[in-house]
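Q: Pasting the sequence and the predicted model now:
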Amino acid sequence: MIYLPFIVSFVLMFMNVPVAVSLIIGSFIYFGFLTDTMGLTNVIQNLISSNMSTGLLALPFFVMIGVVMNYAGITKRLLHFCDTLVGHKTGGLAHVNVLLSTLNGGICGSGAADAAVQCKILVPEMEKRGYPKDFSAAVTAASGLIAPIIPPGNLMILYGVMASCSVSRMFVAGYVPGILMCVLEMTIVSVISHKRGYAPSREKRASIKEIFLALLQSIWAILIAVVLVIGVRFGIFTITEGAVVVILMSMFVGLFVYKELKWKDFPGMFVESFRQTSSIMMMIIGAICFGTYLSWARIPQSIAQALMSVSTNPAVFMIISMLLVLFFGMLLDGTALLMIMTPLLWPVAQMYGINVYAFGILMILNASVGSLTPPVGGLMYVCCNMTGVSIPAFVKQALPFIVGLLILLIILMLCPQIITWLPDLVYA
């Protein structure tokens with residue numbers, strides 16, 4: 001009977017009940033009818049106290065960073081800078097798409113926000129240059145997956161809070177995998193572009209002077225990312241304080257440097273930020289409630305015993321856990337998946353002695369791949385809705401990126417030192 005709430009929650013999700021509501025209903029069934037060791041009042045008190053965590057305070061601020069950047073005109077300057085670097089290559093705008101997401105992810109950390117902006121700015125331009133709309137949408141969604149991995153990714157903050165590990169160190173662990181994702185996706189773009197004959201966006205390679213001028217125009221965006229990384233690393237401010245600093249710097253740049261942000265834009269900017277934050281926070285409430293049920297029912301311990309009876313090899317556990325995450329990633333949104341599977345799998349991973357940061361990056365990367373796949377891929381729906389591309393056409397174009405990312409996931413799983421060496425070096 002202890003698995004009944006688990007089953008009920010997933011049945012409700014398949015019936016299109018919101019994920020957060022499904023998780024809360026399943027948890028309340030357990031504490032209301034299947035056990036008398038914790039009353040519903042205590043559950044609600046635990047829920048409220050968990051959401052008062054200072055670690056979660058950083059989340060709404062980092063969501064707002066992406067919104068402010070778009071209003072301030074920072075994204076457009078980064079786009080021009082990326083074009084001077086890789087626009088001369090075959091399939092130039094597709095390369096720009098990937099590189100822009102990498103740089104953008106180093107500031108806002110939201111894949112959905114990054115993909116939404118590029119669907120408005122880059123996809124129409126790619127269509128004008130002869131790129132099929134379905135390919136443009138697929139590249140935009142695939143490049144959007146880099147944003148949650150390149151610090152400061154929102155999923156990193158959530159994982160750090162749920163696994164009780166250092167968010168700052170989690171950020172550092174994301175740099176190498178994020179750069180590898182960028183290189184991988186640009187390689188796939190290059191192969192496809194040469195095969196199909198997509199034209200570059202520039203007639204010739206940009207001169208040093210042009211690159212330098214574009215760098216000067218976008219220097220504020222790069223400076224913002226540098227200030228965040230250095231400030232957090234040397235303890236000048238916390239993650240949450242750093243997010244506030246970045247917001248204020250972005251507002252200053254938009255108002256007084258680029259002069260694209262107007263005072264009349266502030267109400268809309270805040271409303272957009274609040275809407276994005278509220279949906280994420282509802283998901284967190286449901287996930288914390290569900291995690292309390294899992295811990296109270298000792299389901300992770302039961303899973304650990306079952307897995308250890310199969311094998312005591314950590315590699316076998318990693319393979320099984322990543323297959324589970326990949327399977328459920330096709331059925332759940334990436335954020336919901338991370339919220340559900342972290343309290344379920346991380347306690348088991350601890351028993352195997354697996355590094356918390358390597359496991360987190362693998363979980364986030366795996367969950368991100370699910371964002372490109374039916375039936376509930378988050379980035380897939382964002383890009384298809386904004387571009388008018390059908391889901392079958394999108395999936396066909398996204399398939400090379402999905403396969404490439406899964407290969408990268410396997411490499412990182414077999415060699416976790418790729419993930420851990422930089423945080424070990426920085427935090428020696």
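A: Received it, and whenever you're ready, just let me know what you need.
Q: Confidence-wise, which helix or strand of the protein is lowest on average?
A: Least confident helix or strand, the chain: helix 299-310 with a mean of 70, by mean pLDDT, DSSP states H and E.
Q: downstream neighbour of that helix in the secondary structure list?
A: Scanning forward in sequence from helix 299-310 by DSSP states H and E, the next helix or strand is helix 314-329.
Q: Would you mark the buried spots in that following helix?
A: 317-318, 320-322, 325-326, 328-329 (16 or more other CB atoms under 10 Å). Placement of C-beta: from N, CA and C, glycine included.
Q: export that helix as CSV, just CAs?
A: Extracted as CSV, the C-alpha positions of helix 314-329 are listed here (Å, rounded to 0.1, in the frame of the first residue of the first chain):
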residue,chain,number,x,y,z
PRO,A,314,28.3,1.7,-8.6
ALA,A,315,28.5,1.6,-12.4
VAL,A,316,25.5,-0.8,-12.6
PHE,A,317,23.5,1.5,-10.3
MET,A,318,24.5,4.5,-12.5
ILE,A,319,23.3,2.8,-15.7
ILE,A,320,20.0,1.7,-14.1
SER,A,321,19.3,5.2,-12.6
MET,A,322,20.1,7.0,-15.8
LEU,A,323,17.9,4.7,-17.8
LEU,A,324,15.1,5.4,-15.2
VAL,A,325,15.7,9.2,-15.5
LEU,A,326,15.7,8.9,-19.3
PHE,A,327,12.5,7.0,-19.4
PHE,A,328,10.6,9.3,-17.1
GLY,A,329,12.2,12.3,-18.8
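Q: Can you list the neighbours in contact with that helix?
A: Residues external to helix 314-329 that are found in contact with it (CB atoms under 8 Å, 6 or more residues apart in numbering): 307, 310-311, 337, 340-341, 345, 348-349, 352-354, 362-363, 366-367, 369-371, 373, 406, 409, 413-414.
Q: one step back: output the buried residues of helix 314-329 in TSV, with distance to F256 and pLDDT appended to each entry.
A: Formatted as TSV, these follow (distance: CB to CB, whole Å; pLDDT from 0 to 100):
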residue	distance to F256	pLDDT
F317	53	85
M318	50	87
I320	54	85
S321	49	85
M322	48	87
V325	45	83
L326	47	81
F328	47	75
G329	43	74
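Q: closest to Y159 among those?
A: V325 (12.4 Å; CB to CB).
Q: what's the helix or strand for the one residue sitting closest to the centre of the chain?
A: Centroid-nearest residue in the chain: P148, 2.7 Å away (criterion: CA atoms, centre = their mean). Counting by DSSP H and E, there is no helix or strand that carries P148.
Q: out of everything not next to it in sequence, what's closest to it?
A: L155 (4.6 Å; CB to CB, 6 or more residues apart in numbering).
Q: going on from the helix or strand where that neighbour lies, what's the next piece of helix or strand?
A: Using DSSP H and E, L155 sits within helix 154-163. Following helix 154-163 in sequence order, the next helix or strand is helix 167-173 (DSSP H and E).
Q: Check which helices and strands that next one sits against.
A: helix 154-163, helix 219-233, helix 239-252, helix 356-370, helix 417-426 (3 or more CB pairs under 8 Å, 6 or more residues apart in numbering; DSSP states H and E).
Q: Where among those is average confidence lowest?
A: Mean pLDDT is lowest for helix 219-233 among the helices and strands packed on helix 167-173, at a mean of 76.
Q: Can you give me the buried ones in that one?
A: 220-222, 224-225, 227-229, 231-232.
Q: Turn those residues into a markdown table, including distance to N42.
A: A markdown table is the format used below for these (distance: CB to CB, whole Å):
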| residue | distance to N42 |
| --- | --- |
| W220 | 49 |
| A221 | 47 |
| I222 | 49 |
| I224 | 43 |
| A225 | 43 |
| V227 | 43 |
| L228 | 39 |
| V229 | 41 |
| G231 | 39 |
| V232 | 36 |
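Q: Report all helices and strands that the longest helix along the chain contacts.
A: In the chain, taking DSSP state H as the definition, the longest helix is helix 266-296. Secondary-structure packing of helix 266-296 (3+ CB pairs under 8 Å, 6+ apart): helix 19-29, helix 40-50, helix 58-72, helix 154-163, helix 334-351.
Q: what mean pLDDT does the first one have?
A: Just to be clear, that refers to helix 19-29. 82.
Q: which helices and strands sit right next to it?
A: When contacts are defined as 3+ CB pairs under 8 Å, 6+ apart, helix 19-29 sits against helix 4-14, helix 40-50, helix 266-296, helix 334-351.
Q: and it, C-alpha only, in CSV?
A: What follows is helix 19-29 as a C-alpha-only set of coordinates in CSV (Å, rounded to 0.1, in the frame of the first residue of the first chain):
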residue,chain,number,x,y,z
VAL,A,19,2.3,17.9,-11.9
ALA,A,20,2.5,19.9,-8.7
VAL,A,21,-1.2,19.1,-7.8
SER,A,22,-0.7,15.4,-8.7
LEU,A,23,2.3,15.1,-6.3
ILE,A,24,0.5,16.9,-3.5
ILE,A,25,-2.6,14.7,-3.8
GLY,A,26,-0.5,11.5,-3.8
SER,A,27,1.4,12.7,-0.7
PHE,A,28,-1.8,13.7,1.2
ILE,A,29,-3.3,10.2,0.5
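Q: Could you check it and say which residues are buried?
A: 19-20, 22-29.
Q: pLDDT below threshold where in this structure?
A: Where the chain drops to pLDDT under 70, the residues are 50-56, 58-59, 105-114, 232-233, 280, 300-301, 304, 307-308, 331-334, 375-378.
Q: repeat that for 50
A: Across the chain, nothing is flagged by pLDDT under 50.
Q: Touching, H95 and S190? I think so.
A: Yes: applying CB atoms under 8 Å, one finds H95 in contact with S190, separated by 7.4 Å.
Q: Give the intersection of the neighbour lists for these two.
A: Shared contacts of H95 and S190, counting by CB under 8 Å, 6+ apart, come down to K89.
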